[in-house]
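**Q** Fold the following for me, if possible:
(chains A, B, C and D)
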2 protein chains.
Amino acid sequence: MRTTIKDVARAAGVHSSTVSRVINRKPCISQETVKRVFSAIEQLNYTPNALARSLKTKKIQTLAMLIPDISNPFFAELARGVEDTANQYGYNVILCNTDDCFEKEVTYLKLLAEKRVEGLIVATAQIRDKSILELGKTGCPYILLSRNIKGLQENSISIDDIAGGYLATEYLISLGHRNIAHIAGPYNTTTALDRIKGFKKALLTYGVPFQKQYIGEGDFRITGGYQVMKQFLELENPPTAVFTANDLLAVGAIEAIRENGFDVPADISIIGFDDIKLASYFSPPLTTIRQPMVEMGSLAIVKLLERIEHNITHPNILIKPELVVRKSCRRIN
Amino acid sequence: MRTTIKDVARAAGVHSSTVSRVINRKPCISQETVKRVFSAIEQLNYTPNALARSLKTKKIQTLAMLIPDISNPFFAELARGVEDTANQYGYNVILCNTDDCFEKEVTYLKLLAEKRVEGLIVATAQIRDKSILELGKTGCPYILLSRNIKGLQENSISIDDIAGGYLATEYLISLGHRNIAHIAGPYNTTTALDRIKGFKKALLTYGVPFQKQYIGEGDFRITGGYQVMKQFLELENPPTAVFTANDLLAVGAIEAIRENGFDVPADISIIGFDDIKLASYFSPPLTTIRQPMVEMGSLAIVKLLERIEHNITHPNILIKPELVVRKSCRRIN
DNA sequence: TTGAAAGCGTTACCAC
DNA sequence: GTGGTAACGCTTTCAA
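**A** Prediction:
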């Protein structure tokens, strides 16, 4: 059996409530007692039981983060920002990989509710995610990160996906491209839909006709980019440039292009989205739209803790995306 | 105030102990009662408090994982395996980024002990890590993953680093290289030291003299590879091939080589270690030594749970590395 | 098959 | 400044 506060009290010759006061640095305790208690703690190698404490205080200093897949570098970098900042404020964070699977999300949410985590960073929300909407009712504070739910005006932090999609497409157009395709993310995410919106908006603005066969649904992973690109390449009139909804899709697209004997950017230009750390080391170095992932993760925690500790909510925050020009796009005539 | 087991008991017209039995699926309860209790639970939207439960049962079904940096793809893939398998067994896992900083490690360990996590996956251990060794005494079960502590014969799972280093170096030698350098990991990790051992062993086996200036200490990150490679390039007689202790170091090394106007593999061959998911998409596609990261993470959880639930310990497990030939190495005369 | 009561390790309130 | 006690929400043992 582990040593408890009572063991410490006995060893120090005081009452357990006094030990508690010392541990929690409450005022009005004699120096003498403090010293005796600490030395007893040390001697007995006492570790307070946070679980028991939380039963009284209702605070366990634990958060959780729901993401589709930590092995996706975008989410890994987000996670780094989240965990670092949480830790700075004295919180731990539980990692949950949902694979964007609704059942997994529900199961996690139930478990986390039982463990009384104080807040959630949700980077997996589907477009109408009823289990997240329910969170609103149960009162567990959360921040939607990089994903939104249709109609919600509060508590989300994300890149301006429409602006990002616009920026990418505009760049391709400025390079002289007219046959521009888009490999989108899953249609059940606002992220994917908004990037499409930006894509279409740029097309419209610059008078480039939108062609239905030039858009395909990917999965935000390499394989999806590969598959959709293969389809584009079978078209009678393949695109000369493609904007992919993230960097991983770009990697898959480039692979497909090469396999068909074409070159990037000589034959087809590619622009990604995210600017994951390794984007500049791909072949060719990937032109992309940058999201400040670590900073977004960090900001999400700051806002989440403001909700938890001071009960303030925030209108949705939109981060400005940035074009990063490298070598995967080329000008055509 | 949240609804408690007593509220449910009252609503169902039974005693709270009965509700507890129903929730925990204990035998010998009438169908009738079960039904009434469940309907009360539903009606009141009751969520059991796992913290209170754990106070009695001493089980909170939570593990933690200490890694240097989740944004490093190697650890992200390890983490994916860990979290997935833990979740399968009904455990949650707390993520901790230590940056291989001893103070951070100590702080985390203390916090985690207070929260009474039941087990630890440690992928950050230094070569003589006294805080981890102390874990052994306090009795918190742990598995060392991809890192060892000098002298410990139990509870570690890692790739056979010596064999991996040997494999990589042998391959370079088989390609005709004699001026072979090594960019190592931090010298305070067994990982780095064992890969060096493998490197030297291969050199010795094939009669290639070891040259002190051909080895440099990196940090397992891109920048480290870049810096050490720069130094190699300033040598009077730069290496024609470099084995880097992980893929990220390889990426940095390639960057440095290119910056100096040389080509990989035409002028200098590079072989990495890990085979992160994106390794085949670098320029050039990286030849490397494969570690089955996801499987290792998964295995670590299986072994950890065996320790937690059945108190069985294991002798150190060594995973066999595998050479993956791609395009970053070339034969010379 | 169920109820009553004790207890898990803390904290917080009320005395003194 | 400090001690005593109740309470947090649950499980478990004992009795009925």
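**Q** Please count neighbours and contacts with C-alpha atoms only from this point.
**A** Fine.
**Q** Could you count how many residues lie near residue A:33?
**A** For residue A:33, the count of nearby residues is 16 (other CA atoms under 10 Å in any protein chain shown).
**Q** Same question for residue A:240.
**A** Neighbour number of residue A:240 under other CA under 10 Å is 22.
**Q** again, but for residue A:152
**A** 13.
**Q** In contact with it, which residues?
**A** Residue A:152 makes contact with no residue, according to CA atoms under 8 Å, 6 or more residues apart in numbering or on different chains.
**Q** Which secondary structure state is assigned to the closest residue to residue A:225 other than its chain neighbours?
**A** Excluding its sequence neighbours, the residue lying closest to residue A:225 (CA to CA, 6 or more residues apart in numbering or on different chains) is residue A:249, at 4.0 Å. Under DSSP: H, G, I helix; E, B strand; the rest coil, the three-state class of residue A:249 is helix.
**Q** so how far is DNA strand C from residue A:249?
**A** Distance, residue A:249 to DNA strand C, using CA to the nearest atom of the strand, to the nearest Å: 49 Å.
**Q** Surely that residue touches residue A:218?
**A** Yes: in this structure, residue A:249 is within contact of residue A:218 by CA atoms under 8 Å, at 7.4 Å.
**Q** Those two: which is more packed in?
**A** Of the pair residue A:249 and residue A:218, residue A:249 is the one with more neighbours under other CA under 10 Å, namely 30 against 25.
**Q** quick one: contacts for the more buried one?
**A** Counting by CA under 8 Å, 6+ apart, residue A:249 touches A:183, A:218, A:219, A:220, A:221, A:222, A:223, A:224, A:225, A:226, A:272.
**Q** What average pLDDT does the longest helix along chain A get?
**A** In chain A, assigned by DSSP state H, the helix with the most residues is helix A:293-310. Averaged over helix A:293-310, pLDDT sits at 97.
**Q** Next secondary structure element downstream of that helix?
**A** Per DSSP states H and E, the first helix or strand lying C-terminal to helix A:293-310 is strand A:317-319.
**Q** buried ones in that next one?
**A** A:317, A:319 (16 or more other CA atoms under 10 Å in any protein chain shown).
**Q** average pLDDT across the helix or strand just after it?
**A** Sequence order places strand A:322-324 as the next helix or strand after strand A:317-319, per DSSP H and E. For strand A:322-324, the mean pLDDT works out to 98.
**Q** Note down every partner strand of strand A:322-324 and its orientation.
**A** Using DSSP bridges, strand A:322-324 pairs in its sheet with strand A:288-290 (antiparallel).
**Q** For chain B, what's the nearest residue on the stretch 1-150 of chain A?
**A** Nearest residue of the stretch 1-150 of chain A to chain B: residue A:94, at 4.2 Å (CA to the nearest CA).
**Q** my guess is residue A:315 meets residue A:157, correct?
**A** No: using CA under 8 Å, residue A:315 is not in contact with residue A:157; the gap is 9.1 Å.
**Q** three-state assignment of residue A:243?
**A** Using three-state DSSP, the three-state assignment for residue A:243 comes out as strand.
**Q** residues in the stretch 1-150 of chain A within reach of DNA strand D, list them.
**A** Neighbours of DNA strand D within the stretch 1-150 of chain A, by CA under 7 Å from any atom of the strand: A:13-18, A:28-30, A:32-34, A:52-53, A:55-56.
**Q** hmm, try it at 10 Å
**A** Residues of the stretch 1-150 of chain A lying close to DNA strand D (CA under 10 Å from any atom of the strand) are A:6, A:9-10, A:12-22, A:26-37, A:51-58, A:114.
**Q** Run through those and flag the ones next to DNA strand C.
**A** Within the set of those, contact with DNA strand C (CA under 10 Å from any atom of the strand) is found for A:6, A:9, A:15-22, A:26, A:51-58.
**Q** Show me where the stretch 51-200 of chain A has its helices.
**A** Assigned by DSSP state H, counting those that start in this stretch, the helices in the stretch 51-200 of chain A fall at A:73-88, A:102-114, A:130-138, A:161-174, A:190-205.
**Q** partners of the residue lying closest to residue A:108 once chain neighbours are set aside in the sheet?
**A** Distances taken as CA to CA, 6+ apart put residue A:96 closest to residue A:108, at 7.2 Å, once the chain neighbours are dropped. Beta bridges link residue A:96 to residue A:66 when assigned by DSSP bridges.
**Q** same deal with residue A:324?
**A** For residue A:324, the beta-bridge partners are residue A:288 (DSSP bridges).
**Q** any idea how far it lies from residue A:280?
**A** Residue A:324 sits at a distance of 10 Å from residue A:280 (criterion: CA to CA, to the nearest Å).
**Q** I'd like to know how many residues surround residue A:284.
**A** Per other CA under 10 Å, the neighbour tally for residue A:284 reads 22.
**Q** In three-state terms, label it for me.
**A** Quick answer, by three-state DSSP: residue A:284 is coil.
**Q** Is the lowest-mean-pLDDT helix or strand in chain A in proximity to chain B?
**A** For chain A, counting by mean pLDDT, DSSP states H and E, helix A:130-138 ranks last in confidence among helices and strands (a mean of 86). No: using CA under 8 Å from any CA of the partner chain, helix A:130-138 stays clear of chain B, coming no nearer than 9.3 Å.
**Q** what's the offset of that helix from the middle of its chain?
**A** How far helix A:130-138 lies from its chain's middle: 19 Å, per CA atoms, centre = their mean, to the nearest Å.
**Q** quick one: that helix to helix A:102-114, angle?
**A** 20 degrees (axes from the mean of the first three to the mean of the last three CA atoms, to 10 degrees).
**Q** Only alpha carbons, please: show helix A:130-138 as CSV.
**A** What follows is helix A:130-138, C-alpha atoms only, in CSV (Å, rounded to 0.1, in the frame of the first residue of the first chain):
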residue,chain,number,x,y,z
LYS,A,130,-23.9,15.5,-33.3
SER,A,131,-21.6,14.0,-30.7
ILE,A,132,-19.6,17.2,-30.5
LEU,A,133,-22.8,19.3,-30.5
GLU,A,134,-23.9,17.2,-27.5
LEU,A,135,-20.7,18.3,-25.7
GLY,A,136,-22.0,21.8,-25.8
LYS,A,137,-25.0,20.6,-23.7
THR,A,138,-23.1,18.5,-21.2
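**Q** Looking at residue A:315 and residue A:157, which is more packed in?
**A** Just comparing residue A:315 and residue A:157: by other CA under 10 Å the higher neighbour count belongs to residue A:157, 24 against 11.
**Q** OK, contacts around that one?
**A** Shown in contact with residue A:157 (CA under 8 Å, 6+ apart): A:143, A:144, A:145, A:146, A:147, A:296, A:300, A:316, A:317, A:318, A:319.
**Q** mind checking pLDDT for it?
**A** 97.
**Q** again, but for residue A:327
**A** Per-residue confidence (pLDDT) for residue A:327: 97.
**Q** what's the answer for residue A:85, then?
**A** 98.
**Q** Residue A:303 is in contact with that one, correct?
**A** No: distance between residue A:85 and residue A:303: 11.0 Å, which falls outside the contact criterion (CA under 8 Å).
**Q** re the thing from before, could the helices of the stretch 51-200 of chain A be laid out in TSV, adding mean neighbour count?
**A** Formatted as TSV, these follow (neighbours: other CA atoms under 10 Å in any protein chain shown):
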stretch	mean neighbour count
helix A:73-88	23
helix A:102-114	17
helix A:130-138	13
helix A:161-174	24
helix A:190-205	21
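**Q** Worst mean pLDDT among the ones you listed?
**A** Averaging pLDDT over each of the helices of the stretch 51-200 of chain A puts helix A:130-138 lowest, since it has a mean of 86.
**Q** How about residues contacting that one?
**A** With CA under 8 Å, 6+ apart as the test, helix A:130-138 has contacts from A:106, A:125, A:141, A:142.
**Q** Perfect, I'm done here.
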